[in-house]
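**Q** I'd like to go over a predicted model; first the sequence, then the structure.
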Amino acid sequence: MIADEAELRKAVELARLIAREAERDARWPSLALILNRDVYTRKPMRTRKRAGAMPPIVTVIIIVASVVAAALAAYFIYATTARGVRQVSLTVIGQPTLYARQGGVELRVTFKNDGTADVDLTGSIISVQTKNKTVVEFANPTPVIRDGSLKLAPGDSVALKYTANATLDWFPDGAMATLQTRDGYQTSFAVAKP
């Protein structure tokens, strides 16, 4: 019912406008009718540009730049955290012991990797302090079990023997020893004599 009243009101306004224009002898094409706004006017309809609207390409560029920035920030956070968490932690299992052998001394020691990164014991050296405060280097690590690997994954362990050209009498019982890997990792422990 309200729609009928609005239509009736439009028709009455249009009729009055036409009558006024006819009395003035005006031109009929100059009369503009805007039905979608419920307004009748003699002025032509003007379109307004929307102020502050961004073109679609600018919106797309902003979205892509935001996604790229977020991805770079996430990668940076992940990389620094992963690098900081992955560490080597070698633990000596049991008591490392020096044994006399023909032509030198043998050091038997078992290592366990309690860290979160792999460690390679190939080419590692153990320095043992002698009674007169000098250092003897034990090299050439070989697994006690023939098929053992010198690369330890996290949680793995291996029993190794190192050799040096020395005599057993040079070393005190409980002498300090330091393992150094080719990657620069070091750990210290005491050695015993039988």
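**A** The structure has been received and is ready for your questions. Numbers count the residues shown, from 1 in each chain.
**Q** show me the biggest strand of the protein in terms of residues.
**A** strand 90-101 (DSSP state E).
**Q** Show me what that one is packed against.
**A** strand 104-113, strand 175-180, strand 186-191 (3 or more CB pairs under 8 Å, 6 or more residues apart in numbering; DSSP states H and E). To be clear about C-beta, it is placed using only N, CA and C from the backbone, and glycine gets the same treatment.
**Q** one more time with 6 Å
**A** On a contact count with 3 or more CB pairs under 6 Å, 6 or more residues apart in numbering; DSSP states H and E, strand 90-101 meets strand 104-113, strand 186-191.
**Q** mind putting those strands in CSV, mean pLDDT included?
**A** Compiled in CSV, the helices and strands packed on strand 90-101 are given as follows (pLDDT from 0 to 100):
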stretch, mean pLDDT
strand 104-113, 92
strand 186-191, 92
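**Q** Out of these, which one sits most buried?
**A** strand 104-113 (a mean of 19; mean count of other CB atoms under 10 Å).
**Q** next SSE after that strand?
**A** Counting by DSSP states H and E, the next helix or strand C-terminal to strand 104-113 is strand 119-120.
**Q** And for that next one, what's in contact with it?
**A** By CB atoms under 6 Å, 6 or more residues apart in numbering, the list of residues contacting strand 119-120 from outside reads 88, 113, 151, 152.
**Q** just checking, which of the residues you listed belong to strands?
**A** Per DSSP E, the contacts of strand 119-120 map to strands at 113, 151, 152.
**Q** Tell me who's in contact with the last one.
**A** Spelled out, it's residue 152. 113, 119.
**Q** For it, give the beta-bridge partners.
**A** residue 119 (DSSP bridges).
**Q** still on that earlier bit, so for the contacts of strand 119-120, which is the shakiest by pLDDT?
**A** Lowest in pLDDT among the contacts of strand 119-120 is residue 88, which has 78.
**Q** ok, back up a step: tell me which two of the contacts of strand 119-120 sit farthest apart.
**A** 88 and 151 (11.6 Å; CB to CB).
**Q** which one of these two has more residues nearby?
**A** residue 88 (19 against 12; other CB atoms under 10 Å).
**Q** The more buried one and residue 114 touch, don't they?
**A** No: judged on CB atoms under 6 Å, residue 88 makes no contact with residue 114 at a distance of 9.0 Å.
**Q** I'd like the distance from the helix ranked longest in the chain to the chain centre, please.
**A** Counting by DSSP state H, the longest helix found in the chain is helix 56-85. With CA atoms, centre = their mean, to the nearest Å as the basis, helix 56-85 stands 11 Å off its chain's centre.
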